[in-house]
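**Q** Build me a structure from this.
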Amino acid sequence: MIFGVLKDIKNGEYRVIATPSEVSTIIDDGHKVLVQKGAGEKAGFADEDYVKTGAEIVDTMEEIYSKCDLVAKVKEIEPCEYDLLRENQIIFTCIHPAAHEEEVQALLDKKVIAFTAEDSHRYGSPNCEAAGKQGALMGLESLLSINGGSGKFVSGLAGAPGIKVLILGGGIVGKSALQVLQSLGAWVTVMDVNIATLREIGKLYNEKVNTQISNKYNIKKMLPEIDLLINSVKWPKGKNDFLIDREMVKMMPEGSVIVDISNDYGVIETFHETTHENPRYVEEGVVHYCVGNIPGAIANSTTIAYAASVNPHIRNILNLGIEKACAKDGFLRRSLTSYKGYLTHEETSAIQNRPWIKPEDILNISNEKLDPAPPATVTRSENFIKL
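**A** Got it, this is the predicted structure:
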């Protein structure tokens, strides 16, 4: 098969889906690899590095789409790419399908086989770790007086106290932010709805990190003394009430900071997505940092970690074919989003009110021994396609 590595074109995105290391393994497997010119340049991987592995450099994304059986990149398919998709072509990227109706329609119209990479991670995405750690640092930068913040130093100085931080969500993102902020001397509280998660965090940090159940009552009590709020809550799409409404934001001190890593509409009422070029805005006296692709700021490190994590999926698709690869790995199977004109993603079905079919049914592998995997989200849909 021919594997194509696209150059990402989203604003502020510098990562690449495969480094020369991954490309070399794919070529060793017997496949041909085409890499778009400059695809890895801003992440620290020159075209010459790919050529040394045996890859071919092509000038445009049009060439990648026209020649390759499997096309991969980091972020969503942009509108300018829709007409380049070919029937039966395999796409592997972060689609975020439930939130992108037009993108989903293009995938269905073009009858491609598309995998949404964010649902394929068995052990959590390195992007989540990168977003949590770098997001914490961006929060500290946003606290600086020169950026409109309160001017407080993370661990304090002699005679001046350190900052108080509230992290919402104790998953990979929240734990990664906690690792950075606690090590730098911040006073941190983590809130989550899972008592086992809170117990694990307390044990890991010898009870030097405060933990609380996450609800509006507890959040309201804390906000008036919080200098930095990190949101890493994955909010159910379609949920209408805010976890933190505008009146709650007003309770925070002047010059405090909100870093919304999750970028899910519905958690914080004052949220809107920003870019690396213009990352901050102020509402209700609070500095908001809401960049949608924080890991892009540390493109080299994130690329190395992320490319290594998804390479097994790409190799399985190339070496085994769609059916066997999806039977072998339940996390890859659950990330199948569209298959030759059929929607195969449950959350998207529920949010967009589209009929769907289970991946194992459309692939005719439901009677085989399948590697199990939990659903990617809590959102369920009974709106099934009847073949």
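**Q** what sits up against the helix or strand harbouring Cys128?
**A** If you go by DSSP states H and E, Cys128 is part of helix 126-142. The contact list for helix 126-142 (Cβ atoms under 8 Å, 6 or more residues apart in numbering) reads 118, 147-149, 154, 171-181, 184, 228, 230, 232, 257, 259, 261, 279-280, 287, 289, 291, 294-295, 297-298, 301-302, 305-306, 308-309. Every residue, glycine included, has its C-beta placed from N, CA and C.
**Q** Is it possible to mark the buried ones in those residues?
**A** Buried by 16 or more other Cβ atoms under 10 Å: 118, 147-149, 154, 171-181, 184, 228, 230, 232, 257, 259, 261, 279-280, 287, 289, 291, 294-295, 297-298, 301-302, 305-306, 309, out of the contacts of helix 126-142.
**Q** Now go through these and say which are in strands.
**A** The strands, defined by DSSP state E, take in Leu228, Ile230, Val257, Val259, Arg280, Val287, Tyr289 from those.
**Q** Could you point out which of these is nearest to Asp371?
**A** Ile230 (33.9 Å; Cβ to Cβ).
**Q** So what sits opposite the closest one in the bridge?
**A** Ile167, Val259 (DSSP bridges).
**Q** so it makes contact with Val165?
**A** Yes - contact status for Ile230 versus Val165: in contact at 6.7 Å, counting by Cβ atoms under 8 Å.
**Q** anything in contact with each of the two?
**A** The contact sets of Ile230 and Val165 overlap at Leu181 (Cβ under 8 Å, 6+ apart).
**Q** hang on, the earlier thing: can you add pLDDT and distance to Tyr50 and give the ones in strands among the buried ones among the contacts of helix 126-142 back as a markdown table?
**A** As requested, these are exported to a markdown table (pLDDT from 0 to 100; distance: Cβ to Cβ, whole Å):
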| residue | pLDDT | distance to Tyr50 |
| --- | --- | --- |
| Leu228 | 98 | 40 |
| Ile230 | 98 | 37 |
| Val257 | 98 | 40 |
| Val259 | 98 | 35 |
| Arg280 | 98 | 36 |
| Val287 | 98 | 40 |
| Tyr289 | 98 | 34 |
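**Q** What about the buried ones among the contacts of helix 126-142, which are in helices?
**A** Members of the buried ones among the contacts of helix 126-142 lying in helices (criterion: DSSP state H): 172-181, 301-302, 305-306, 309.
**Q** now the helices for the stretch 251-387 of the chain?
**A** Taking DSSP state H, counting those that start in this stretch, the helices of the stretch 251-387 of the chain run over residues 299-320, 322-328, 330-334, 346-352, 359-362.
**Q** Val33 should be in a strand, yeah?
**A** Yes - assignment of Val33 by DSSP: H, G, I helix; E, B strand; the rest coil places it within a strand.
**Q** Contact partners for it?
**A** Val33 touches Ile2, Phe3, Gly4, Val5, Val23, Ile26, Ile27, Tyr50, Thr53, Gly54, Ala55, Glu56, counting by Cβ under 8 Å, 6+ apart.
**Q** show me the contacts for Asp361.
**A** Here Asp361 is in contact with Leu387 (criterion: Cβ under 8 Å, 6+ apart).
**Q** And for the one 4 residues further on?
**A** Contacts here follow Cβ under 8 Å, 6+ apart; on that basis Ile365 touches Glu323, Cys326, Ala327.
**Q** And it, what's its pLDDT?
**A** Reading off the confidence values, Ile365 has pLDDT 98.
**Q** on that earlier part again, just among the contacts of Ile365, which is most surrounded?
**A** Within these, most neighbours by other Cβ atoms under 10 Å means Cys326, with 29 neighbours.
**Q** what's around the residue nearest to Tyr65 when sequence neighbours are not counted, how many residues?
**A** Excluding the flanking residues, the one nearest Tyr65 by Cβ to Cβ, 6 or more residues apart in numbering is Leu84, at 3.9 Å. With neighbours defined by other Cβ under 10 Å, the count for Leu84 comes to 17.
**Q** Now do the same for Leu84: its pLDDT.
**A** Note for Leu84: predicted pLDDT of 98.
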